[in-house]
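Enquirer: Coordinates for the following, if possible.
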Amino acid sequence: MRQTWAILKFTLKENISNKVFKGFIAFTILILLGIVVFKSLALYSQNDVVIGIGQLAIEFFLLLIAIFASSTQYFKDKKEKSIYLILTKPVSKTQYIWGKTLGIIALIGIDIIIMGGILTVILLLGKANLTATYYLAYLYMFYKLAIIIAIGVLFSVISDSMITSNIFTILVYILAYGVYELPLLAKQVGGGALNWLFMTLYYILPNYYSLTIRDALLPQISLHVLSTTLYSVGYCVIIMVIASMIFQRKEL
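Expert: Predicted structure coming up:
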């Protein structure tokens with residue numbers, strides 16, 4: 001546990017000092033400030049426009065950071081040969097995978113707090129009425145990005161190149177928003193290989209539709225938050241266990 005925590009802290013510091021990471025953060029903050037400047041272009045519900053565009057911008061740029069960091073971390077460590085230095089110490093490959101993954105997840109969590117805090121201050125200064133769903137949207141955003149980070153690390157272990165790892169991670173993220181349609185597609189194609197493929201993808205891919213805040217869920221919001229939390233944590237743990245098992249057998 002101590003070794004995993006040490007790798008987590010090192011990964012967090014390493015990514016924070018990364019120039020690409022700083023560039024993404026600076027650009028996202030500029031976007032948020034730009035939203036304030038141009039929000040007067042909206043004739044109605046100005047604060048709703050700021051919330052919608054602001055949270056979308058935060059998730060988009062943090063998605064880029066999450067995919068870039070998770071899909072390239074292993075290749076970066078291998079290129080710089082730092083992974084050999086780490087594994088020569090009393091650190092197992094499993095501890096390496098968990099430390100790296102949790103470090104990137106912690107990084108994204110801190111980013112969400114910073115960027116979400118900036119947007120929240122902007123909205124409060126504009127006298128916006130912020131509901132519980134507004135704040136929960138950040139929690140669900142964190143869950144979605146944590147899942148894609150775990151998947152990115154898995155693909156980085158499986159793939160032979162950073163490009164392949166990035167492509168597959170992005171593809172999973174896109175498919176995750178339409179996964180709820182797969183059973184319907186399976187029924188339309190009937191039996192056969194396509195039916196099997198669609199249903200397999202339905203059970204394997206993360207379901208991002210369930211990680212979306214909707215007003216219709218307000219009467220049962222506590223139950224929904226609990227179920228999505230268990231789902232997100234469970235999914236991440238399963239993916240990280242699989243990645244650890246594969247990495248154990250991987251030749252460095």
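Enquirer: Going by neighbour count, list what's buried in the helix or strand hosting Glu59.
Expert: Using DSSP states H and E, Glu59 maps to helix 46-79. Buried residues in helix 46-79, counting neighbours by 16 or more other Cβ atoms under 10 Å, are found at 47, 49-51, 53-55, 57-59, 61-63, 65-77. All C-beta spots, glycine's among them, are computed from the backbone N, C-alpha and C.
Enquirer: just for the stretch 101-250 of the chain, where's the confidence low?
Expert: 191, 214-219 (pLDDT under 70).
Enquirer: now the helices for it?
Expert: Using DSSP state H, counting those that start in this stretch, the helices found in the stretch 101-250 of the chain span residues 132-158, 162-176, 182-189, 193-204, 221-248.
Enquirer: May I see the buried residues of the last one?
Expert: It stands for helix 221-248. Those would be His224, Val225, Thr228, Tyr231, Ser232, Tyr235, Cys236, Ile239, Met240, Ala243, Ser244, Phe247, for helix 221-248 by 16+ other Cβ under 10 Å.
Enquirer: secondary structure element for Glu251?
Expert: Counting by DSSP H and E, Glu251 is part of no helix or strand.
Enquirer: what's around it, how many residues?
Expert: By other Cβ atoms under 10 Å, 3 other residues sit near Glu251.
Enquirer: got it, and Phe142?
Expert: So Phe142, with other Cβ under 10 Å, has 21 neighbours.
Enquirer: any idea how far it is from Thr229?
Expert: Going from Phe142 to Thr229 by Cβ to Cβ, to the nearest Å gives 10 Å.
Enquirer: Convert whatever helix or strand comes next after the helix holding Glu59 to CSV, retaining C-alpha atoms only.
Expert: Sequence-wise, the next helix or strand downstream of helix 46-79 (DSSP H and E) is helix 82-88. Only the C-alpha atoms of helix 82-88 are listed here, as CSV (Å, rounded to 0.1, in the frame of the first residue of the first chain):
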residue,chain,number,x,y,z
SER,A,82,12.0,5.2,-15.3
ILE,A,83,9.8,2.2,-15.1
TYR,A,84,12.8,-0.1,-14.8
LEU,A,85,14.1,2.1,-11.9
ILE,A,86,10.7,1.8,-10.2
LEU,A,87,10.3,-1.9,-10.6
THR,A,88,13.9,-2.7,-9.4
